[in-house]
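Chemist: starting from these lines, generate the structure:
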Amino acid sequence: QRSKFYLLNYQGMAFTLRSFCALASVLILGLMLVFGIFRGQVHPQAADPFLTQRHNEEAYKFTVVTLGHAASFDQLLNLIGSIHYWAPWAPVLVYWVDIPEDMFATLSCLQNVRVERAADVGSSIPEVLAHALKTFEVAVYLSSELELRASIGGVADAVFAAGYFFLGTATTLSSKVHATPEQLRPFTSLYQNTLLEQAMCSDLILGFARDSEAYAHVLQPLLTCAKHDESCPTLLKELPFAARLSLNAHKKGFVCQERYHFPIEHNALFFTPDHKQTHQTHPLVLRAAVPPFVFHEDLHFDGQACPHVEIKTSEGKATHVCLIEHLNDPAAAISDCIQPVLHRAGGALRLLRTLWGSVLTLIAFMLRTFLLLAPELLAISVLGLVLSLRPRQQFAVLIIFLLLLFTWEVLFRWRLPLMPWNRACSTDSEGAWEIALANSPLKAPLQLTNFRRAVDCSASTDVVSSFVADPFLVKGEGRTWDLFYEAKDVWTRSSVWNGHAVLSYSRSHDDGHTWEYGSIVLREPFHLSYPYVFRTESDTYMIPETNKAHAVRLYVASRYPDRWVQARVLLAENRFVDSILIKHDGRWYIFTCVEMKMYLYHSASLTGPYAPHPLNPVPVANPRLGGRVIVDAVGRLLRFAQAKTHVYGAAVHAYHVTLLTPTEYREVPVAANDPTLLGAGVCGQDWCAHRMHHIDLAVANSTHYLASIDAD
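Modeler: Take a look at the predicted model:
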């Protein structure tokens, strides 16, 4: 009897536990879905990213371009309505192909909308863009199949900064381009081996700035093919427009922007931009426009006499009543009665697909959390399943495990759990690097004195970092300085993964005596470091280390210092480390390192194309760069390099580059007896270093340099 009592009691407890776990899981799933719904909506009152950083008059240099057809007139009005709602400052230029006069009159009366006949300029995307750029400085084409779900200001800003905007897709060129190596040779100047594996650019949205390199190297060849010119390559004639666009773009190093920075969602609930990217380019959120078209009610008309658009619906009227009223007109019965029902049914199906997609998204988040942040739970769950002899116990363990994962995911998304590996300045296997400053005379730049701490891992407010390193200085107006550096993000670490870094900046208004943290300036899905920032007469650029992307990327500041857009790929198909770009004797040179060997590339233009130096890999004692290449006050070209030892980042050496041409290279140590510039034993006011691997010298005034260094 006692055994039977205990058995029944155990079964009851197990049933209660299972019921509790199942109910809790359902509740948490529901809360996370609601959390995704409400947190995912883009707030319509948010400040427009374009107008908050540019003068209002610049909006009039920009236009949205689209093509209009009678068959998709409702979609076209929906697109314009979404622009009126999300970006009312943006003028719209519609090229209509076969729209009758009444539709033409409706478009002509819409606020901030201009209508052109496509027959006068051509009906292809390159032709209408080229025509629009005769009037406007920047034009962005949007397909009428889309609707905006956020401001297009981020895209406009990217085009003003980089000269173009292409959006990458999940489709690779290999799915559309079937060609021999001989046919591809004219398009493989940058991607010799992986061209067909590059992401294809979307033909639903693209933008150009007038007089930009992208206009000359991408849009003009597309115009040639659109006009069926004989000079259009045979391969391009046979390809769809998106493939032609992609081939022309990749050939010259133009990039299809990753959807990581410009998220495009079709029907997902998680519309919210990544909260970790608040200081990067604002998002582009688009949806495929499907009935019912919700933005018709947001259309703005110029005058009272303009014909307003009436949407045919049967809202508030039963379907059978509607059918009875249209017995004598079967066509009207189908359009007015049956189609609204199908639209509503389609909307319900889309909602179900959206919910299911959100569930799958949550499962993916759980798996990511499980694999990267809680591997110990795997051992616990496996042990529990092994020790459980009964299926009910196994089921209970599984439910508890899922419940723990759901809970952890909610906490992790809000960055609440503080584990030993995600605290500020927590122990890191790479070291405890921090940034210091020093001074040196202008005529003796290597005689560094007055070492003092400047920025450490406790300074940041929008990233929890374990160390900061690789500092680069930029002189501002007056006594203002900006300091860009790598900040190791501890929230990307786990007990089995060391994580990666973001790029941040701090600013000083008193010649570097005190520093105020700014923000993250760049975040990618991979490790970033070595943010080499430099200025030309017209723009500010940055070349960070992006070796995980197997490329040297050039970023341009769309809003200095905290917003950057990828402008070009300068080198590809290799793991380039610590790259520096300089202009010497009228040519641009890239110093970089691959597998602890120094490589040089040169070009007549900053944006390339870059040719390899004939001496590659250049035979030097210490190949990996340790800071900016400078020309000192006496005209010497100085290269700083990390010591090539068994201990990473042990010291910094200085070399005098005595000869640099497209065919020759020669350097000598600055101090023949001891080339070490920085290393163990360098001490400041309240610290001492046992490793140093970076220095950046910038002219502070007429007598001194300001040097930023990092030390462990």
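Chemist: where does this structure have its least confident helix or strand?
Modeler: Ranked by mean pLDDT, DSSP states H and E, the weakest helix or strand in the chain is helix 2-40, scoring a mean of 49.
Chemist: after that helix, next one along is what?
Modeler: For helix 2-40, the succeeding helix or strand toward the C-terminus, using DSSP states H and E, is strand 62-68.
Chemist: so where's the stretch 551-700 of the chain uncertain?
Modeler: 672-675, 686 (pLDDT under 70).
Chemist: hmm, try it at 80
Modeler: Counting by pLDDT under 80, the stretch 551-700 of the chain has low-confidence residues at 646-647, 649, 671-676, 679-681, 683-688.
Chemist: all strands of it, in order?
Modeler: Residue ranges of the strands in the stretch 551-700 of the chain, as given by DSSP state E, counting those that start in this stretch, are 551-559, 563-572, 577-584, 587-594, 597-603, 611-612, 630-631, 637-642, 652-660, 665-669, 676-678, 692-699.
Chemist: how about the stretch 351-500 of the chain?
Modeler: All strands of the stretch 351-500 of the chain, identified by DSSP E, counting those that start in this stretch, fall at 434-441, 449-455, 465-475, 481-489.
Chemist: most tightly packed of the ones you listed?
Modeler: Among those, strand 481-489 has the highest mean neighbour count (mean count of other CB atoms under 10 Å), at a mean of 26. Using the backbone N, CA and C atoms, a C-beta is placed for each residue, glycine as well.
Chemist: about what we covered before: adding mean neighbour count, write the strands of the stretch 551-700 of the chain out as a markdown table.
Modeler: A markdown table is the format used below for the strands of the stretch 551-700 of the chain (neighbours: other CB atoms under 10 Å):
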| stretch | mean neighbour count |
| --- | --- |
| strand 551-559 | 22 |
| strand 563-572 | 24 |
| strand 577-584 | 19 |
| strand 587-594 | 21 |
| strand 597-603 | 20 |
| strand 611-612 | 12 |
| strand 630-631 | 16 |
| strand 637-642 | 22 |
| strand 652-660 | 19 |
| strand 665-669 | 16 |
| strand 676-678 | 23 |
| strand 692-699 | 23 |
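Chemist: mind putting those strands in CSV, distance to residue 88 included?
Modeler: Shown next, in CSV, are these (distance: least, CB to CB, whole Å):
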stretch, distance to residue 88
strand 551-559, 21
strand 563-572, 23
strand 577-584, 40
strand 587-594, 42
strand 597-603, 43
strand 611-612, 48
strand 630-631, 48
strand 637-642, 51
strand 652-660, 53
strand 665-669, 56
strand 676-678, 55
strand 692-699, 43
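Chemist: to residue 259, which of the strands of the stretch 351-500 of the chain lies closest?
Modeler: Closest approach to residue 259 among these (CB to CB): strand 481-489, 20.8 Å.
Chemist: only C-alpha atoms, please: export the closest one in PDB.
Modeler: Provided in PDB are the C-alpha atoms of strand 481-489 (Å, rounded to 0.1, in the frame of the first residue of the first chain):
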ATOM      1  CA  TRP A 481      40.600  65.600 -30.600                       C
ATOM      2  CA  ASP A 482      38.800  62.400 -31.500                       C
ATOM      3  CA  LEU A 483      40.200  59.000 -30.600                       C
ATOM      4  CA  PHE A 484      38.900  55.900 -32.400                       C
ATOM      5  CA  TYR A 485      39.700  52.500 -31.000                       C
ATOM      6  CA  GLU A 486      38.700  48.800 -30.700                       C
ATOM      7  CA  ALA A 487      36.500  47.900 -27.800                       C
ATOM      8  CA  LYS A 488      36.100  44.200 -27.000                       C
ATOM      9  CA  ASP A 489      32.400  43.400 -26.500                       C
END
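Chemist: which is the next helix or strand following that strand?
Modeler: strand 501-508.
Chemist: which one of the strands of the stretch 351-500 of the chain lies nearest to residue 244?
Modeler: Between the strands of the stretch 351-500 of the chain, strand 481-489 lies closest to residue 244; by CB to CB that is 37.7 Å.
Chemist: direction included, what does the closest one pair up with?
Modeler: Within its sheet, strand 481-489 is paired with strand 465-475 (antiparallel), strand 501-508 (antiparallel), according to DSSP bridges.
Chemist: mean pLDDT and distance to residue 668 added to the ones you listed, as a markdown table?
Modeler: Output for the strands paired with strand 481-489, formatted as a markdown table (pLDDT from 0 to 100; distance: least, CB to CB, whole Å):
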| stretch | mean pLDDT | distance to residue 668 |
| --- | --- | --- |
| strand 465-475 | 95 | 25 |
| strand 501-508 | 96 | 33 |
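Chemist: now the ones you listed in a markdown table, with distance to residue 132?
Modeler: Below are these laid out as a markdown table (distance: least, CB to CB, whole Å):
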| stretch | distance to residue 132 |
| --- | --- |
| strand 465-475 | 36 |
| strand 501-508 | 35 |
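Chemist: of all those strands, which one comes closest to residue 537?
Modeler: Distance to residue 537, taken as CB to CB, is lowest for strand 465-475 among the strands paired with strand 481-489, at 15.4 Å.
Chemist: so who does residue 234 touch?
Modeler: By CB atoms under 8 Å, 6 or more residues apart in numbering, residue 234 lies in contact with residue 183.
Chemist: backbone dihedrals for residue 130, please?
Modeler: Main-chain dihedrals, residue 130, degrees, to the nearest 10: phi -60, psi -40.
Chemist: burial of it, as a residue count?
Modeler: Residues contacting residue 130 under the criterion other CB atoms under 10 Å number 21.
Chemist: need the contact list for the closest residue to it other than its chain neighbours.
Modeler: Excluding its sequence neighbours, the residue lying closest to residue 130 (CB to CB, 6 or more residues apart in numbering) is residue 223, at 5.8 Å. When contacts are counted by CB under 8 Å, 6+ apart, residue 223 is found next to 126-127, 130.
Chemist: and for residue 432?
Modeler: 425, 457, 466-467, 712.
Chemist: what would those look like in a markdown table with distance to residue 92?
Modeler: Output for the contacts of residue 432, formatted as a markdown table (distance: CB to CB, whole Å):
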| residue | distance to residue 92 |
| --- | --- |
| 425 | 51 |
| 457 | 48 |
| 466 | 48 |
| 467 | 49 |
| 712 | 55 |
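Chemist: and these, which two are the farthest apart?
Modeler: It's 425 and 712 that sit farthest apart of these, by CB to CB, at 13.0 Å.
Chemist: strands of the stretch 51-200 of the chain, residue ranges please.
Modeler: For the stretch 51-200 of the chain, the strands defined by DSSP E, counting those that start in this stretch cover 62-68, 92-96, 113-117, 138-142, 146-148, 164-172, 199-209.
Chemist: so which of the ones you listed is nearest residue 524?
Modeler: Closest approach to residue 524 among the strands of the stretch 51-200 of the chain (CB to CB): strand 164-172, 13.7 Å.
Chemist: flag every buried residue along that closest one.
Modeler: Residues 164-169, 172 are the ones in strand 164-172 that count as buried (16 or more other CB atoms under 10 Å).
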